[in-house]
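>>> when you get a sec, could you give me coordinates for this:
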Amino acid sequence: MSARERGGIGRTAIRQPAGEAYPVAVALYRLVRSPELSDPTLVAAFDGWIDAGGAATAAVTQLADEGEIIARFDGDELLDYRARRPSLEIVDGRLADLAWPEVTLRWNRLYGRDVLVLTGAEPDYRWRALAGATVELAQSLGVVEWISVGAIPAAVPHTRPVPVLGSTSQPGLLRGGVEAGPSGVLKVPAAAISVLEHAAAAAGIPALGYYAQVPHYVSGPYPAAAVELLTVLGRHLGVTIPAPELTSEARQLRSRLDLATAAEETTRLYVERLESMVDEARLPSGDELIADIERFLRDRGSDAPRS
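As a prediction, the model looks like this:
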């Protein structure tokens, strides 16, 4: 029975890897509207983990471009409001409005192509149930392709084009010159977006991901990576995705980083070493990527200026 037949409330019996169903159904989304779609692609990104510099969510927000919300996920079931507190607006001492963190699915039509954008706060709870509900929703809407979008900290310089790595459930899905990698076995802490991508692939939906590499010595937003992700997505979808504001922000940040690098010899020498690695086309190993991620985790919350 589809989500439409159940009145748009996502209820699914989630299956464990061994194939045994959980005994209790879950209701994690509400289908607001079911538009007529033609072979839609679903693009997904969550803030938090695998969103270094906010690049992934900035890119997919631009892709959604105020598209219509067609499904809302239940934040009370998925989010820890003590970690992601709603923002409170107080007007003249009166509690006026609450803005809650949320996860939504938006629909946008780009040059005649239907694109669904799943984004919001990375859920804190019920990832396996969320994966089942999201796959159910994607299938009910006729999704023909899943694209995860992320950004990871890496040993790359800000002075070179942003590298993008790919993940893919089968050969031939990645486009625009992006390659799957790194080679070999790589074990890292999983993100919710990866759990959903894995579930989509297991359900038979062609699934892939594009992940920008963000200089690990840069803190705060990194719009250059968002611009590169939009470029890659545009090539994949065969559309043009303009992002003039992000492009302008990227140029301004580049200028500030150049000045900061030139003013400190140790930083300058380090950036030059990273440039040499890139110019020699030496890709980071799996161990190096893990070290970069661990360094990123240690440095989160640091007050040290980096840009």
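>>> how about the helices in this structure?
Using DSSP state H, the helices of the chain run over 55-64, 75-78, 127-140, 192-202, 223-237, 244-263, 265-279, 286-299.
>>> make JSON lines out of those helices and add mean neighbour count, distance to residue 115 and mean pLDDT.
Every C-beta, even on glycine, is put in place using the N, C-alpha and C of the backbone. Listed next are the helices of the chain as JSON lines, based on neighbours: other C-beta atoms under 10 Å; distance: least, C-beta to C-beta, whole Å; pLDDT from 0 to 100:
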{"stretch": "helix 55-64", "mean neighbour count": "26", "distance to residue 115": "7", "mean pLDDT": "95"}
{"stretch": "helix 75-78", "mean neighbour count": "17", "distance to residue 115": "23", "mean pLDDT": "96"}
{"stretch": "helix 127-140", "mean neighbour count": "22", "distance to residue 115": "13", "mean pLDDT": "96"}
{"stretch": "helix 192-202", "mean neighbour count": "21", "distance to residue 115": "16", "mean pLDDT": "96"}
{"stretch": "helix 223-237", "mean neighbour count": "23", "distance to residue 115": "7", "mean pLDDT": "96"}
{"stretch": "helix 244-263", "mean neighbour count": "14", "distance to residue 115": "18", "mean pLDDT": "95"}
{"stretch": "helix 265-279", "mean neighbour count": "14", "distance to residue 115": "32", "mean pLDDT": "87"}
{"stretch": "helix 286-299", "mean neighbour count": "15", "distance to residue 115": "29", "mean pLDDT": "58"}
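>>> hang on, residue 168 packs against residue 179?
No - with contact defined as C-beta atoms under 8 Å, residue 168 does not reach residue 179; the gap is 9.5 Å.
>>> more neighbours: which of those two?
residue 168 (17 against 12; other C-beta atoms under 10 Å).
>>> nearest spatial neighbour of that one, skipping sequence neighbours?
Nearest residue to residue 168 in three dimensions, chain neighbours excluded: residue 208, at 4.4 Å (C-beta to C-beta, 6 or more residues apart in numbering).
>>> count of neighbours near the one you found?
The number of residues near residue 208, taken as other C-beta under 10 Å, comes to 23.
>>> can you check the one 4 residues further on too?
Residue 212 has 28 neighbours, counted by other C-beta under 10 Å.
>>> so which of the helices of the chain is nearest residue 42?
Nearest of the helices of the chain to residue 42, taken as C-beta to C-beta: helix 127-140 at 5.6 Å.
>>> helix 192-202 and the closest one, what's the angle between them?
Going by axes from the mean of the first three to the mean of the last three C-alpha atoms, to 10 degrees, helix 127-140 is angled at 50 degrees with respect to helix 192-202.
>>> check which helices and strands helix 127-140 is in contact with.
Counting contacts by 3 or more C-beta pairs under 8 Å, 6 or more residues apart in numbering; DSSP states H and E, helix 127-140 packs against strand 9-12, strand 26-31, strand 68-73, helix 192-202.
>>> okay if I get the ones you listed as a markdown table plus distance to residue 47?
Converted to a markdown table, the helices and strands packed on helix 127-140 look like this (distance: least, C-beta to C-beta, whole Å):
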| stretch | distance to residue 47 |
| --- | --- |
| strand 9-12 | 22 |
| strand 26-31 | 18 |
| strand 68-73 | 14 |
| helix 192-202 | 10 |
